[in-house]
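*Asks:* Whatever this is, show me its structure:
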Amino acid sequence: MPTLSIIIVNYKTPALLKNCLTSLSATIRTTSYEVIVVDSESDGETERMLAEEFADVRCIAFLENTGYAKAVNAGIARANGDYFLILNTDIVAAEYAIDTLIAYMKKEGERVGLVAPKLYGFENIYQQSAFRFPSPLTIVLRRTPLGNMKIGKGYLDAFLLKDKNLKEIAVPTQVDWLMGAVLLTSKAAVAHVGTMDESFFMYFEDVDWARRFWENGYAVMYNPLARMYHYHGKKSHRYGIFDAVFNPMTRVHIRSAIHYFIKHGIRAQHYV
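*Replies:* Numbering: from 1, shown residues only. Okay, here's the model as predicted:
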């Protein structure tokens, strides 16, 4: 039985998926693992590519666009490992990154529920991936010029954990929540906390999950000792202050934010 089940959610990005899968076999040295690809709104291209080039990878194909949380949960339901690593297709692992995360989770035992690595873009630029929990004001400040004002900037600096200096810190550090592009958790923790909330179609499922881990007594950790690369494009930030009018991804993000605040309340509770 594998130690680790790697669950990759794919939505019409077979080239990125191929890069991601190649990086896994090239960089995982000490961890036994299986890979499960969940192909959302599948057209058959990804299944053909996997059959031809990655025969050991299992594929779960959905004809409809499932949304992120449902796809992740489908992978978890089929996973055999004691740990679950959830990846976007636009992630490329660096040497020993996954081994490092697994060793850390094993060492910490039941204290830690979620952990993620330090992320870089492919120009080797540090990428923010850990945050404090948001309030409705956070969303307003991030999407309007108010965030550039002195009082707004101070509020957003707290959201971005500027006081933790995550870009330079060299030890694992507690954070409120982690970007869902890379998340490592354990089978035991998920059995206690539950899987992702499928009522979030896209966005805020990672925020909600982290909050539930904290509420159930598990720490959420950023581990800069592991490093990965992320082809990250901000699809929900294209048109500036007109995003909510012209960008459908922004509207999805705002709907998810409203759903999150209805579920958890508007107070931004913090654990760090």
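*Asks:* can you give me the helices for the stretch 51-200 of the chain?
*Replies:* Secondary structure of the stretch 51-200 of the chain (DSSP state H, counting those that start in this stretch): helices located at 68-78, 97-108, 136-143, 150-159, 187-193.
*Asks:* To Thr250, which of the ones you listed lies closest?
*Replies:* Nearest to Thr250 among the helices of the stretch 51-200 of the chain is helix 136-143; the distance by Cβ to Cβ comes to 7.7 Å. (C-beta placed from N, C-alpha, C; glycine too.)
*Asks:* in the stretch 101-250 of the chain, which ranges drop under the pLDDT threshold?
*Replies:* Under the criterion pLDDT under 70, the flagged ranges of the stretch 101-250 of the chain are 233-248.
*Asks:* just the strands in it please.
*Replies:* With DSSP state E, counting those that start in this stretch as the criterion, the stretch 101-250 of the chain has strands at 112-120, 126-127, 130-131, 173-174, 177-178, 182-186, 219-230.
*Asks:* Between the two ends of stretch 106-122, what distance do you get?
*Replies:* 30 Å (Cα to Cα, to the nearest Å).
*Asks:* Name the residues of stretch 50-68 that are buried.
*Replies:* For stretch 50-68, the buried set under the neighbour-count rule, 16 or more other Cβ atoms under 10 Å, comprises Leu50, Phe54, Val57, Arg58, Cys59, Ile60, Ala61, Phe62, Thr66, Gly67, Tyr68.
*Asks:* Same check on stretch 221-235?
*Replies:* Of the residues in stretch 221-235, those buried (16+ other Cβ under 10 Å) are Met221, Tyr222, Asn223, Pro224, Ala226, Arg227, Met228, Tyr229, His230, Tyr231, His232.
*Asks:* can you redo the residues you listed as JSON lines with distance to Thr173?
*Replies:* Listed next are these as JSON lines, based on distance: Cβ to Cβ, whole Å:
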{"residue": "Met221", "distance to Thr173": "7"}
{"residue": "Tyr222", "distance to Thr173": "5"}
{"residue": "Asn223", "distance to Thr173": "8"}
{"residue": "Pro224", "distance to Thr173": "8"}
{"residue": "Ala226", "distance to Thr173": "13"}
{"residue": "Arg227", "distance to Thr173": "15"}
{"residue": "Met228", "distance to Thr173": "17"}
{"residue": "Tyr229", "distance to Thr173": "20"}
{"residue": "His230", "distance to Thr173": "19"}
{"residue": "Tyr231", "distance to Thr173": "25"}
{"residue": "His232", "distance to Thr173": "21"}
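*Asks:* Looking at those, which two lie furthest apart in space?
*Replies:* Largest separation among those by Cβ to Cβ: Met221 and Tyr231, giving 23.9 Å.
*Asks:* on that earlier part again, can the strands of the stretch 101-250 of the chain go into TSV with extra columns for distance to Tyr83?
*Replies:* Below are those laid out as TSV (distance: least, Cβ to Cβ, whole Å):
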stretch	distance to Tyr83
strand 112-120	10
strand 126-127	23
strand 130-131	20
strand 173-174	20
strand 177-178	15
strand 182-186	5
strand 219-230	13
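*Asks:* out of these, which comes closest to Ile102?
*Replies:* Ile102 lies closest, by Cβ to Cβ, to one member of the strands of the stretch 101-250 of the chain: strand 182-186, at 7.4 Å.
*Asks:* residues making contact with the closest one?
*Replies:* Under the criterion Cβ atoms under 8 Å, 6 or more residues apart in numbering, residues 82-88, 91, 101-102, 105, 113-117, 119, 129, 206, 209, 213, 228, 230 lie in contact with strand 182-186.
*Asks:* Taking the centroid of the protein, which residue is nearest it?
*Replies:* Gly180 (1.2 Å; Cα atoms, centre = their mean).
*Asks:* Can you pull the phi and psi angles for that residue?
*Replies:* Note on Gly180: backbone dihedrals following degrees, to the nearest 10 are phi -70, psi 0.
*Asks:* got a list of what it touches?
*Replies:* So Gly180 contacts Tyr68, Ile86, Asn88, Glu205, Asp206, Trp209 (Cβ under 8 Å, 6+ apart).
*Asks:* Show me which pair in these is furthest apart.
*Replies:* Largest separation among these by Cβ to Cβ: Asn88 and Trp209, giving 14.9 Å.
*Asks:* Between the two, tell me which one has more neighbours.
*Replies:* Neighbours around Asn88 and Trp209, counted as other Cβ atoms under 10 Å, are more numerous at Trp209. The numbers are 28 against 22.
*Asks:* Much appreciated, bye for now.
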